[in-house]
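>>> here you go, sequence then predicted model.
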Amino acid sequence: VESGDRLGTGFVIDPSGVIATNLHVVVGAAEIQVRTLDGTVLPVGQVVALDPNHDLALIAVAPPAPLPALTLGDSDQVAAGDPVLAIGNPLGVLDYTVSDGLIAAVREVAPDVKLLQISAPISQGSSGGPLFNSFGQVIGVSTAIFTEGQNLNFGVPSNYVIALAAAKKPMSMEEFAALTG
């Protein structure tokens, strides 16, 4: 996902072209592009839904053919010690980097805001990337790293993505830029 001078990661949740990513990857952008695994660059035509409380955005492209979509798992079933696999684009140049680790903890950081603390390394550019469980289901979205002292990595639980997809409020790119710019 490319928006202005920012790069991030996203993943397809609907073959028609709906892509999940972090809101901080696309916020304020008037134009956003998505580069697929085969190198095809697709412009984002609309923002399908936003969730500022959980740093999530659903964006839409018009692919020439249906895109392979990932399966969203139930993040309420995640527990400390479960294996996790992260896929992202560290620094925006190391495309499709895979790292593994464990769910270190499920943290309630505010009312209605949980985060998955993970030991799988993630880096800038990996924001918005999928976190997989051992069944190949997306159970989270890479969202934040803290490097003060010990490196700490966090993901947004997938159940927030599921809820966001159910509460779609599509807007044009112009409306999105005006709202978040």
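Cool, the structure landed.

>>> where in this protein is pLDDT low?
Scanning the chain with the threshold set as pLDDT under 70 gives 1-6, 90-95, 145-150, 181.

>>> what about the strands in it?
2-3, 6-7, 11-14, 18-22, 32-35, 41-51, 56-61, 83-88, 97-110, 113-118, 130-132, 138-146, 152-157, 171-172 (DSSP state E).

>>> relative to Ala163, which of the ones you listed is closest?
Comparing the strands of the chain against Ala163 with C-beta to C-beta, the closest turns out to be strand 41-51 (7.9 Å). For every residue, glycine as well, the C-beta is placed using N, CA and C.

>>> who touches the closest one?
For strand 41-51, the external contacting residues (C-beta atoms under 8 Å, 6 or more residues apart in numbering) are 17-19, 23, 26, 31-36, 56-63, 160, 163-165, 167-173, 175-176, 179-180.

>>> contacts only, for the closest residue to Ser134 other than its chain neighbours.
Closest residue to Ser134 apart from its sequence neighbours, by C-beta to C-beta, 6 or more residues apart in numbering: Pro83 at 5.0 Å. Counting by C-beta under 8 Å, 6+ apart, Pro83 makes contact with Asp100, Gly101, Leu102, Ile103, Asn133, Ser134.

>>> if I look at Pro83, how far off is Ser99?
12 Å (C-beta to C-beta, to the nearest Å).

>>> which ones are touching the residue nearest the centre of the chain?
Nearest to the mean C-alpha position of the chain, counting by C-alpha atoms, centre = their mean, stands Gly128 at 2.5 Å. Residues near Gly128 by C-beta under 8 Å, 6+ apart: 1, 8-11, 20-22, 25, 88, 141-143.

>>> ok, of these, which one's closest to Arg107?
Nearest to Arg107 among these, counting by C-beta to C-beta, is Thr143 at 12.1 Å.

>>> what is the neighbour count of the closest one?
For Thr143, the number of neighbouring residues by other C-beta atoms under 10 Å comes to 25.
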